[in-house]
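# Show me how the following folds:
(4 chains)
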Number of protein chains: 4
Amino acid sequence: MGREAIRTAMSVDRNKPASEHQGVHNRWHPDIPAVATIKNGETVKIECLDWTGGQIKNDDSADDIRDVDLTGVHYLTGPFNIETAEPGDVLVVEIADVQPFEDQPWGFTGVFAKDNGGGFLSDFYPQAAKAIWDFEGIFCSSRHIPGVRFAGLIHPGILGCAPSAEILAQWNKREAELVQAHGTDAVAKLPEPRNAYAGAATGDLLAKIRKEGARTIPGRPEHGGNCDIKNLSRGSKVYLPVHVSGAKFSVGDLHFSQGDGEISFCGAIEMAGVITIKFNVIKNGMAQMDMKSPLFIPGPVEPQFGPGRYLTFEGFSVDHNGKQHFLDATVAYRETCRRCIEYLRRYGYSDYQVYLLLSCAPVQGHIAGLVDIPNACTTLGLPMDIFDFDIRPEVPAQRRDMGSCAFTSDHRA
Amino acid sequence: MGREAIRTAMSVDRNKPASEHQGVHNRWHPDIPAVATIKNGETVKIECLDWTGGQIKNDDSADDIRDVDLTGVHYLTGPFNIETAEPGDVLVVEIADVQPFEDQPWGFTGVFAKDNGGGFLSDFYPQAAKAIWDFEGIFCSSRHIPGVRFAGLIHPGILGCAPSAEILAQWNKREAELVQAHGTDAVAKLPEPRNAYAGAATGDLLAKIRKEGARTIPGRPEHGGNCDIKNLSRGSKVYLPVHVSGAKFSVGDLHFSQGDGEISFCGAIEMAGVITIKFNVIKNGMAQMDMKSPLFIPGPVEPQFGPGRYLTFEGFSVDHNGKQHFLDATVAYRETCRRCIEYLRRYGYSDYQVYLLLSCAPVQGHIAGLVDIPNACTTLGLPMDIFDFDIRPEVPAQRRDMGSCAFTSDHRA
Amino acid sequence: MGREAIRTAMSVDRNKPASEHQGVHNRWHPDIPAVATIKNGETVKIECLDWTGGQIKNDDSADDIRDVDLTGVHYLTGPFNIETAEPGDVLVVEIADVQPFEDQPWGFTGVFAKDNGGGFLSDFYPQAAKAIWDFEGIFCSSRHIPGVRFAGLIHPGILGCAPSAEILAQWNKREAELVQAHGTDAVAKLPEPRNAYAGAATGDLLAKIRKEGARTIPGRPEHGGNCDIKNLSRGSKVYLPVHVSGAKFSVGDLHFSQGDGEISFCGAIEMAGVITIKFNVIKNGMAQMDMKSPLFIPGPVEPQFGPGRYLTFEGFSVDHNGKQHFLDATVAYRETCRRCIEYLRRYGYSDYQVYLLLSCAPVQGHIAGLVDIPNACTTLGLPMDIFDFDIRPEVPAQRRDMGSCAFTSDHRA
Amino acid sequence: MGREAIRTAMSVDRNKPASEHQGVHNRWHPDIPAVATIKNGETVKIECLDWTGGQIKNDDSADDIRDVDLTGVHYLTGPFNIETAEPGDVLVVEIADVQPFEDQPWGFTGVFAKDNGGGFLSDFYPQAAKAIWDFEGIFCSSRHIPGVRFAGLIHPGILGCAPSAEILAQWNKREAELVQAHGTDAVAKLPEPRNAYAGAATGDLLAKIRKEGARTIPGRPEHGGNCDIKNLSRGSKVYLPVHVSGAKFSVGDLHFSQGDGEISFCGAIEMAGVITIKFNVIKNGMAQMDMKSPLFIPGPVEPQFGPGRYLTFEGFSVDHNGKQHFLDATVAYRETCRRCIEYLRRYGYSDYQVYLLLSCAPVQGHIAGLVDIPNACTTLGLPMDIFDFDIRPEVPAQRRDMGSCAFTSDHRA
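Numbers count the residues shown, from 1 in each chain, chains lettered A, B, ... in the order given. The predicted structure follows:
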């Protein structure tokens, strides 16, 4: 009597190209064939590739970050049919655990080059950069960013159920309209057949998915997807709208840690690994909760710092050129991040090092005020206990040799 | 031996019109005469009027909210000269306590009418509304929003040092440019002589301040001001840039509690009361920290809920018309707030009640993802323990009689 | 409309001897006349003397501590009749706030002399000592123990309902048996007419109470009383058994802060002040909950340090003579406290200073293991953030000039 | 470049009897041969058997608990030589992770029979009982105790460095004196050759260790050992005194979770698994810290409940016969535990079920007051969020069908 192990619903082979896996896909589409079935009430393990499918190496060059191919990213595992789930239901996904693979105890954080992906601070930091993080149990540290060590707030960057055909059409329409309005495809990732994979789909079905399938880059209100919410960590319960029969749930893009905003885009500590999930279906839940987007309740084991251990920066919607914006929280948060970079310079860190750190350490990005026209105010709380020296303002700062993050072979200092 | 009481650096008389006080002002200007001097290292009490200067009554009508005169608001106490503080220094302000007046144990939260102030959700909720909150020690509850009771995250909405003449000129210029660019003065509050008060200033000086003085409505990066950061609560240390000799520190707009965003504009639980502050000067601190905006470290006694006690809503930068916006955290947060309102309806609350509640209860508004083009993703964490019934999604909801918040005499249902 | 202030159910006059107050008493007895009536559901303020009734001065001598008269201590305010409360009910006492008097912002911690009260470590530290603490809002600090400053975990040391005559008789019997068994009255405080006060009682009634009234020194299982639980702080709900009609609730012995164990006996930061309480009656609650002793739920605003900010000491039930005791948690905790004193010496503190500090700072005393015969194991968690220097073991320690706590005029070094 | 995996310093084979392992031992002795060497600064994995070495089965009978052989328990892995560690040093042990074996996702909690081991409440609950716990990632639940599910506070029950010959002699002497004083060997576990294992030791050495080796049941002040401190969880740093060259560190007795006191003796959720540890040596640390017993700093990822989510019981040193004890924290904690059992009966739980639950769930056992003669006061905080129903006192209780824990085949109801 007694269970011997938790079933692995789908495994991956990291020695095989991501594109050759039957159990992964990198587009959202209702017709991607389910790879396995999971019972209502069942707990399973699901293995995941890292979001680039293995394009990034554990070395000291950011050339791989610079050259990453973003048409093929986000190799999600799934989709899974959840028994009894039907459109209108809510799928409750309890994230019982997330772990890196035992034989790959490391991850990476990257700053994409401005002309290939970019990030939140591309205007200031246009070149590619990288930090490798070593994992020791719950902790991580990086040879590229000395002086910090912290417990991961480990979580999946992407999870969600498949869109219905109607919702998919709506996505493609509204994002195309944005591209049209801005006159540039730099503002959204429209469907792209190149490097699109759809698991077991072949022939005409594959061609259809390649043509119509929504990209995985943005999260979307109707199903969550790539929401990149750092608090979807161990123990969280996520309530997901179901749009197709069987739910067709997929998950991937595992993060060992991430800060609010994931500002450098490849900004979490990206990793391959295993997620353990318990599934439950609430029949007709969408109507009961008037649910239009996912809800969640975070887990109980987030790394804890007392409130008095966060050094907190303020930013307002006046940009670096002194231009006043109207209640723009995005501009405010960009300025807030910059305030933190400016502060940490005094310890010897380079701006790129801090940019990488703020992307992946568990910083708290809050919307403080959004009504005092014309200034939005946001804050960024930096946990002081991740540093092995005292960063309080009243303690005299000492400049240290902080080495360097990884740059490209053609980096311009 | 032994101190008998902490000195009150400035008191107010709530029976007198705000405009008749010598120790309050409602504009920012370097030339407002200091009302008192505080020693470096000293702890003092400072009394504050509520931000409307007593315009709002403890009753069941929102007529006073509808008719509030916004030209005269934010009666700040000060400015205070802090001994030894000079431009370039950093003034460390430790908020040792904030308390309502003992004989006025109540506060108010308002939704401004769309055509007089408005708020973050004015497009959906254009009418004025009000809730009165009764205080019992650390707790508050409202006859206008039954079913909730919570400990206040008590704090000042506004604190900061006076701008220099250069900074003031810069503020007026950039905000005027915004008004010009938008072609409407609805986007910023430019200097307005009407109802401008400057404490002891008279004659030409008063006329100058009335003409040039910056409005208190927005917080501003150079000094903080009306930042409306809920976490500047008991025990917080705020590091403020000093721009004029003596710092000329002012404080006011006390809040018994506030949620991230303070979304209904008059959205905190507004109150009159007393703040206890310890002042310290860090000489030449601005250069040492490369400080361009205030920093702070929150206090250790914030109301604590475990992470697993926050029901958290997700929102994305697709607006209510289905229009896709580009990485717009403001749009995302608006949608996030609306998701929460939709959810809480099932218990019998009206939308206005929830709008008021989200403004003032200690909800956590986070920027989750800001790089997955084109969708910004924000979250709003609602502490479940402020309700006296169980709001978890898996618990069947029961509609209750939730009464009503206060509306205007001409309210249109 | 709207309440003007919370009613004060009983005030005290600190200029008058404690013994002349009608509203205070220092014995437990069912017949002490009620001083006021409080409604079921009402919130009131209650003023309290400090536990010595003003015997201790804000100065630098511990003579007053040495000479304190313990026959008269614990001037409780009450008893109050709570409407509708009857024997068998449970009285729910919500501690909405506790504050020192505004004109007396200081308190004291004492080590009693071994021959007058003593304390947990009297065998090691037999002389009297004292520290005066100054309050600044939520914070306290002491000229007698430099280098620390912390937020108070403010609470009443004593609260409870009157015993019935039967319970009182049981108390007196079992404590007398202990005295008899040990052959010394040093193990319990039996009834003592000297300095016994019973509020408004006079004549025969007073004589009876003086003769029978239980001392306030120990807490007792049947009603709580002097439980000295540091976590009964702001926002706590305490569920108290009711033994007499009207409950006859009393409260006093306010503490600005206390550590687990309150080890120096006069060990909290003792103060006079005001407590705000909301009362509710659960009819027949004792049977429903099978209640034999009080329960409580702590409040949400305790000072918060992350778990990783507690330097924690271990102690076992082997005493300082190397003698092995059998699962004795009291011996174990004594050793645990001594380990902490030994550790903190390296910063320049005297043992008496640390003894005082551990008594009153919010240290966490846990029972870790009580089954691994013959060793009980207890732990003491010391919050590192109360120190203004870094006390982590890996940081080289520097001896400082820590001055001295207050000693008696006849102190032997 | 980049590490492929963390080295496993010692593995175990659960298909082999514990007694046949070369890498485990169940006595403390300085001469047990080291099984491997670990570098100063190195992080390694160490596999551990469950404390009974596999005597307990995942079934519904407590016969195995009743019949457990306690002469052979605590199969510790080690001892390990830590490079550079010498007597007088401090060994810093950072617990980077603890995990059950992937193919054995379950553990057990037992109540030992009074005549074979017993426990803290043996006088009330003398029979053997058992609960099996299933693990799902960070969570556990039991078919034997329905209605609860919680995140584990996973940790090792035992860790420590080998005693020197002098310390070992001292242990044996003082524990023998206790046995002599009490006139029964029920108060301590003296050296016992039967079932003693010492890893690779053979011949005369083995005979010597069998004769002299200290039992693992009690923790001891000089090295920690079986301290059963629930907070030595993921991320904790433990500072251990070094008494022999190489430190000879051992670890074992992994617990998925435990409550303060571990009251039923086999009271944690006992499991086999893997611990990941980073080792560092502080040279001459014992003198620097005046260290007589281990110190530790807990990790940052303990399951978090807000303070307002603990239902807390009070107990005093008056025993169940009404006898008054003198400041006896052990008696007080026993009463405190009984108060909690009495309370939870109303939901349909049996006393044995609650006894098991309090042993293993993360309850907080505090020493509240230890100076108010003659009553010690202790508290037990029960996290309400581990229950799937509302256990607050004010919510009417409903009796449920709670099934049964496992009992023996000869159980007497």
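# Spell out the residue ranges of the helices in the stretch 51-200 of chain A.
Taking DSSP state H, counting those that start in this stretch, the helices of the stretch 51-200 of chain A run over residues A:63-66, A:165-182.
# which of the ones you listed sits most buried?
helix A:63-66 (a mean of 22; mean count of other Cβ atoms under 10 Å in any protein chain shown). Any C-beta I mention is one placed from the backbone N, CA and C, and that applies to glycine too.
# Tell me the helices and strands packed up against that one.
Where contact means 3 or more Cβ pairs under 8 Å, 6 or more residues apart in numbering or on different chains; DSSP states H and E, helix A:63-66 is packed against strand A:106-111, strand A:129-136.
# Those strands: which one's closest to chain B?
strand A:106-111 (10.9 Å; Cβ to the nearest Cβ).
# who does the closest one pair up with?
Sheet pairing of strand A:106-111 (DSSP bridges) gives strand A:129-136 (antiparallel), strand A:265-270 (antiparallel).
# okay, the ones you listed in JSON lines with mean neighbour count and mean pLDDT next?
JSON lines is the format used below for those (neighbours: other Cβ atoms under 10 Å in any protein chain shown; pLDDT from 0 to 100):
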{"stretch": "strand A:129-136", "mean neighbour count": "25", "mean pLDDT": "98"}
{"stretch": "strand A:265-270", "mean neighbour count": "26", "mean pLDDT": "95"}
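# before we move on, back to that, next, format the helices of the stretch 51-200 of chain A as CSV and append mean pLDDT.
As requested, the helices of the stretch 51-200 of chain A are exported to CSV (pLDDT from 0 to 100):
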stretch, mean pLDDT
helix A:63-66, 97
helix A:165-182, 97
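# who wins for proximity to residue C:141 among those?
helix A:63-66 (50.3 Å; Cβ to Cβ).
# Now do the same contact list for the residue nearest to residue A:382 when sequence neighbours are not counted.
Among residues not flanking residue A:382 along the chain, residue A:311 sits closest, at 4.9 Å (Cβ to Cβ, 6 or more residues apart in numbering or on different chains). By Cβ atoms under 8 Å, 6 or more residues apart in numbering or on different chains, the residues touching residue A:311 are A:343, A:381, A:382, A:384, A:391, A:392, A:393, B:295, B:297.
# hmm, try it at 7 Å
Residues counted as contacts of residue A:311 (Cβ atoms under 7 Å, 6 or more residues apart in numbering or on different chains) are A:382, A:384, A:391, B:295, B:297.
# Just name the closest of those residues to residue D:46, please.
So of those, ranked by how close each gets to residue D:46 (Cβ to Cβ), first place is residue A:384, at 31.9 Å.
# Wait, that closest one touches residue A:307, no?
No. Counting by Cβ atoms under 7 Å, residue A:384 does not reach residue A:307; the two are 11.5 Å apart.
# Neighbour count: the two, which is higher?
residue A:307 (23 against 16; other Cβ atoms under 10 Å in any protein chain shown).
# which phi and psi does the more buried one have?
phi -60, psi -30 (degrees, to the nearest 10).
# sorry, back to before: quick check: the farthest pair among the contacts of residue A:311?
For the contacts of residue A:311, the maximum inter-member distance is 11.7 Å, found between A:384 and B:295 (Cβ to Cβ).
# Just the strands from the stretch 51-200 of chain A, written as ranges.
Secondary structure of the stretch 51-200 of chain A, counting by DSSP state E, counting those that start in this stretch: strands at A:76-82, A:90-100, A:106-111, A:129-136, A:139-142, A:149-151, A:155-161.
# any idea how far the closest residue to residue A:411 other than its chain neighbours lies from residue A:113?
Take residue A:411 and drop its neighbours on the chain: the residue closest to it by Cβ to Cβ, 6+ apart is residue A:127, 5.9 Å away. According to Cβ to Cβ, to the nearest Å, residue A:127 and residue A:113 sit 6 Å apart.
# before we move on, what about residue A:350?
Distance from residue A:350 to residue A:113, counting by Cβ to Cβ: 17 Å.
# With residue A:249 instead?
Distance from residue A:249 to residue A:113, by Cβ to Cβ: 34 Å.
# ok, the two, which is more surrounded?
Looking at residue A:249 and residue A:113 with other Cβ under 10 Å, you find the greater number of neighbours at residue A:249, namely 27 against 21.
# who's the more buried one bridged to?
If you apply DSSP bridges, the partners that residue A:249 bridges to are residue A:80, residue A:161.
# What is the neighbour count of residue A:281?
19.
# same check, this time on residue A:394
Residues near residue A:394, counting by other Cβ under 10 Å, number 13.
# looking at this, it is in a helix?
No. Residue A:394: not assigned to a helix; according to DSSP: H, G, I helix; E, B strand; the rest coil it is coil.
# ok, it - contacts?
So residue A:394 contacts residue B:282 (Cβ under 7 Å, 6+ apart).
# Per-residue pLDDT of it, please?
Here the pLDDT value assigned to residue A:394 is 93.
# Quick check on it: phi, psi?
Main-chain torsions, residue A:394, degrees, to the nearest 10: phi -80, psi -10.
# From chain D, how far out is residue A:140?
10 Å (Cβ to the nearest Cβ, to the nearest Å).
# Nice, that's everything, thank you.
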